[in-house]
Structures are given as structure tokens and as C-alpha cells.
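Colleague: Predicted coordinates and the sequence they were generated for:
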Amino acid sequence: MEFDVVKVRRVMAEIGLALAPTSIALGMIAKLLAGNMFLGNLLMAMGLLMAFPFHRLLERVSLNKLIGIMFFLLLAFVYYFVSKYDDTNFLVYMGVSLFYCVSLLFSKYDEDFNLDNVINYLWLFSLIFVLGGFASFATGKINILENVMAWNDEGDKIYDGLTMGSMAITQIVCSCHLLSKERFGKKVKALLLLAVFLDFVLIIFTVKRTPLLIAMVAVLIYFKRLGYLRPTPQKIIAISIITVAILAYVVSNSEIMDALMLLFDETVTGLGNLLSGNHTGHGLTNSTDMRLDNRDYAFELLRNFDVLNVCIGTGYMTFWCDIPLLQAFLDMGLIGFVFYAFYILFLPLWTLFKYRNNATLFFYGMLAIYGALSCVTSGHPYANARWMPVCLLCYAIYASQKEGIKESEITTEDETLHNI
């Protein structure tokens with residue numbers, strides 16, 4: 001059989017584009033189950049190399065929204081070196097995002113890869129992660145209400161609940177997207193619904209409020225889109241049976257019950273304290289207190305900003321305020337704030353409204369929804385986990401506008417979905 005170089009290169013690109021955004025999370029599972037601290041970095045490198053279209057380096061690129069992302073990241077590099085910031089992890093964060101962005105900038109749609117195939121691989125890798133997460137809990141490598149942030153003897157992070165939660169959300173979005181495909185029968189769609197349920201349970205196990213709230217939003221948006229929220233006698237009976245079964249299991253398992261109660265209490269009191277400015281009194285042991293202190297300190301810095309600070313900021317990672325949108329303004333002034341707000345916050349939300357009848361673009365908007373909804377709650381503005389989904393979204397928009405996504409990929413809500 002003749003070796004098809006183009007086809008192999010295409011499959012490698014599709015795998016690489018899906019592997020790079022999921023590699024760190026997969027590496028975390030490998031650390032927990034196998035003790036391999038290197039696999040995450042290796043998977044990232046493999047994904048980036050597989051995705052990069054080396055054969056197009058000498059070709060002209062088409063200008064699109066990816067240029068703005070590249071500009072922001074290059075500007076962040078300048079700020080990093082001018083500020084003499086010494087944490088090289090941030091160089092890696094920005095470097096892999098920039099490499100990923102350039103890969104897409106040089107790629108040609110449907111010649112180098114297919115956007116739907118990338119979704120399939122994203123679903124597969126995120127499912128492997130979710131199953132690995134359950135295996136980690138089952139084997140006692142991590143425990144509910146413990147090890148929310150675990151470290152090994154060398155001081156390397158081996159578990160992060162936010163990483164686990166965000167990747168479970170990726171799995172939810174992928175599974176919900178595949179539920180809209182007419183080619184799948186009822187049995188396959190039942191398994192996809194089971195996957196969504198498992199994703200949701202895993203997020204509860206992390207005892208993290210932000211992923212839980214975003215997961216609820218994602219499920220409600222997609223289930224409404226799919227018509228699953230339309231009440232029918234069969235659905236009411238099925239939901240009632242499932243609810244009773246889940247409640248019976250939760251009540252019988254004290255560990256899960258404690259986790260749910262803690263999540264509920266922290267969510268309600270945390271939101272109330274953030275809005276009112278009240279401290280819990282637990283200081284560094286409570287994320288709400290830390291966010292309040294960070295917010296107060298950030299606003300104190302803003303009060304002392306002069307015109308130059310407003311325009312260009314104060315330098316790379318002024319301090320970790322755990323509010324990425326505000327961090328972008330503190331570090332890079334209006335320039336950084338406008339670019340970050342446009343790409344991370346506005347573009348995904350705009351896509352969900354603008355392209356709500358385009359299944360592929362709607363998916364990539366939902367894929368970036370975690371970054372959009374968490375940009376005021378946790379993290380920093382330079383994380384590759386936030387930028388890679390937006391890179392894919394920008395490329396999907398460009399492909400639909402300039403090169404044309406095939407009609408088979410443009411799907412409105414189908415009435416057959418409501419009969420599942």
C-alpha cells in the first residue's frame with residue numbers, strides 16, 4: 001500500500017492540535033498514577049511539533065485575528081525581559097501559546113487539518129484524563145477534601161483541582177457537541193450522556209467552585225440547545241429516577257456528602273463575601289480572603305496610577321492578584337487590558353451569539369468559555385490553557401469567513417435531537 005505523506009501529516013496535525021491543550025492535564029494524571037513527572041512536558045512538546053506545518057514556512061500567511069494574539073504574547077515577552085522577571089515557567093506558558101498560535105497562522109484549513117477531527121481527538125484525550133482522574137481517586141492517590149493542592153518531595157506540583165475541573169469542562173463541551181451529530185444512534189448518545197455525568201461528578205470531587213459553576217452553565221447552554229430541557233413525561237420519570245438514585249448514593253457516602261456541603265457553603269458565603277467585602281477570618285487558608293486582599297491591594301495600586309501607568313502598566317506580573325483581567329491592566333495598561341478582554345472575554349461570548357447556528361464555531365466558542373468566565377476569579381493572563389482554546393476559536397472563525405467550512409459542518413438545531 002502506498003504511503004500517503006499528506007494524509008499522515010494531516011492526522012498528525014489534528015492529533016497535535018488536540019494534544020497540546022490537554023497535555024499538561026494528562027501529565028498531571030501520569031504524575032499521580034505513575035509518578036512520571038516528565039510526561040506532561042513531553043506530551044506538550046510532541047503536540048506542538050506534530051501541529052506545526054513546517055512545510056508552509058516559506059508561504060505567505062493570511063492576516064486574521066491570530067495576529068492579535070501573537071502581538072499580545074510578543075508584547076508580554078518584551079515586558080517579561082524588561083521587568084527582569086525571573087520565573088521561567090511563565091516563559092514556557094507564553095512560548096507554547098505563541099508556538100501554537102503560529103502553527104495555526106501558517107496552516108491552511110481542510111488541507112492541513114479538519115476542525116471536526118480536532119474535536120474528536122479533544123474528546124478522546126479529555127476522556128482519558130477524566131477516567132484517569134477517577135482512577136486517581138479510586139486508588140487513593142488523591143482524596144476528596146484533601147490534596148486540593150498537592151506537591152511532591154522536590155516541590156513540584158502534582159495535583160491541581162482547577163486543572164482537573166477545567167479539563168472535565170472540556171470533556172463536557174466535547175461530549176455535548178458530539179450529541180448533536182445525527183450519525184450517532186441512541187446507544188452512543190446514551191454513553192455520551194454518561195460521560196457528561198462522570199465529568200460533572202469529577203468536578204464535584206475537586207471541591208472547586210469556579211469549575212462547578214462554569215460546568216453548570218455549559219451543561220445548561222448545551223442541553224437547551226439540544227432540546228433536552230423540553231419537559232416530556234418520559235424525561236420527567238427518567239430524571240426523577242436518576243435524581244433519587246444519586247441522592248441515595250450521596251446520602252450513603254459521607255465523604256461525598258461532606259464535599260457537596262462544603263462546596264455549597266463556600267459558594268454561597270464566598271460570593272456573598274466577595275460582593276460585600278467581608279473577610280471570613282481564615283486569612284491565607286481561605287481563597288475568598290486572599291482574593292479580597294489581592295483586590296484591595298490592586299485597587300490601591302490603581303489609585304496611584306499616573307497617565308503612563310494607565311497606558312502601559314507597571315511591568316510584568318506586578319503581583320499575582322488572581323484576577324487575570326485586572327492583572328492584564330496592572331501589568332500592561334490599557335494595551336494589555338484591551339487585547340486580553342477582547343480575546344479571552346468578549347470573543348468567546350460573541351461567538352456563542354453570532355454563530356449559534358454553526359455547530360463547529362459554537363463548539364469552539366464553548367471550548368473557550370472557561371477562560372471567559374474565570375478571567376475575574378483565578379489565574380493569570382499568560383496561561384497557555386486560556387490562550388490555546390482562543391487560538392482554535394480564531395482559526396475556526398477565519399476558516400468559516402475566508403476559506404469556507406463545508407456545509408456539512410454548519411448545523412442548526414435538528415428536530416431529531418428532541419426525540420432522543
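Modeller: Good, I have the coordinates.

Colleague: how far away is Tyr100 from Leu57?
Modeller: Relative to Leu57, Tyr100 is positioned 16 Å away (C-beta to C-beta, to the nearest Å). Bear in mind the C-beta positions are built from the backbone N, C-alpha and C, glycine included.

Colleague: quick one, which of those two is more surrounded?
Modeller: Tyr100 (27 against 10; other C-beta atoms under 10 Å).

Colleague: Work out for me the element the residue nearest to Gly27 when sequence neighbours are not counted sits within.
Modeller: Counting by C-beta to C-beta, 6 or more residues apart in numbering, Gly40 is the residue found nearest to Gly27 once chain neighbours are left out, at 1.7 Å. Using DSSP states H and E, Gly40 sits in helix 39-51.

Colleague: next one: Ala245
Modeller: Element membership for Ala245, per DSSP H and E: helix 233-252.

Colleague: which residues touch Met50?
Modeller: 12-13, 15-16, 19 (C-beta atoms under 8 Å, 6 or more residues apart in numbering).

Colleague: Same list (these) but as a markdown table, adding secondary structure.
Modeller: Conversion of the contacts of Met50 to a markdown table gives the following (DSSP: H, G, I helix; E, B strand; the rest coil):
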| residue | secondary structure |
| --- | --- |
| Met12 | helix |
| Ala13 | helix |
| Ile15 | helix |
| Gly16 | helix |
| Leu19 | helix |
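
Colleague: Among those residues, which one sits closest to Lys186?
Modeller: Closest approach between these and Lys186, by C-beta to C-beta: Ile15, at 29.2 Å.

Colleague: show me what contacts that closest one?
Modeller: For Ile15, the contact set (C-beta under 8 Å, 6+ apart) comprises 47, 50, 121.

Colleague: what about the one helix or strand Thr163 maps to, average pLDDT?
Modeller: Per DSSP H and E: Thr163 is located in helix 161-179. Summarised as a single mean, pLDDT over helix 161-179 is 93.

Colleague: immediately after it, which helix or strand?
Modeller: helix 186-206.

Colleague: Now do the helix or strand that comes right after that following helix, average pLDDT.
Modeller: For helix 186-206, the succeeding helix or strand toward the C-terminus, using DSSP H and E, is helix 209-226. When pLDDT is averaged along helix 209-226, the result is 89.

Colleague: which helices and strands sit right next to helix 209-226?
Modeller: For helix 209-226, the contact count by 3 or more C-beta pairs under 8 Å, 6 or more residues apart in numbering; DSSP states H and E identifies helix 161-179, helix 186-206, helix 254-276, helix 359-367, helix 369-373 as packing neighbours.

Colleague: Where among the ones you listed is average confidence lowest?
Modeller: helix 254-276 (a mean of 56).

Colleague: After that one, which helix or strand is next? Please name it.
Modeller: Helix 254-276 is succeeded, C-terminally, by helix 287-303 (DSSP H and E).

Colleague: what residue ranges in the stretch 51-200 of the chain score low on pLDDT?
Modeller: Applying pLDDT under 70 to the stretch 51-200 of the chain flags the ranges 145-157.

Colleague: Do a quick rundown of the helices in it.
Modeller: Under the criterion DSSP state H, counting those that start in this stretch, the stretch 51-200 of the chain carries helices at the ranges 66-83, 88-106, 115-138, 161-179, 186-206.

Colleague: Distance to Met290 for the ones you listed - can I get that in a markdown table?
Modeller: Output for these, formatted as a markdown table (distance: least, C-beta to C-beta, whole Å):
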| stretch | distance to Met290 |
| --- | --- |
| helix 66-83 | 23 |
| helix 88-106 | 20 |
| helix 115-138 | 25 |
| helix 161-179 | 14 |
| helix 186-206 | 18 |
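
Colleague: Indicate which one of those helices is closest to Arg303.
Modeller: Per C-beta to C-beta, nearest to Arg303 of these: helix 66-83, 21.6 Å.

Colleague: buried set for that closest one?
Modeller: Of all the residues in helix 66-83, those buried under the rule 16 or more other C-beta atoms under 10 Å are 66, 68-70, 72-73, 76-77, 79-80.

Colleague: Next: stretch 208-217.
Modeller: For stretch 208-217, the neighbour count (16+ other C-beta under 10 Å) marks 208-215 as buried.

Colleague: next one: stretch 188-200
Modeller: So, applying 16+ other C-beta under 10 Å, buried residues of stretch 188-200: 189, 192-193, 195-196, 198-200.

Colleague: So Phe205 versus Ser378, what's the distance?
Modeller: To Ser378, Phe205 is 18 Å away according to C-beta to C-beta.

Colleague: When the two are compared, which one has more neighbours?
Modeller: Comparing Phe205 with Ser378 by other C-beta under 10 Å, the one with more neighbours is Phe205, at 23 against 18.
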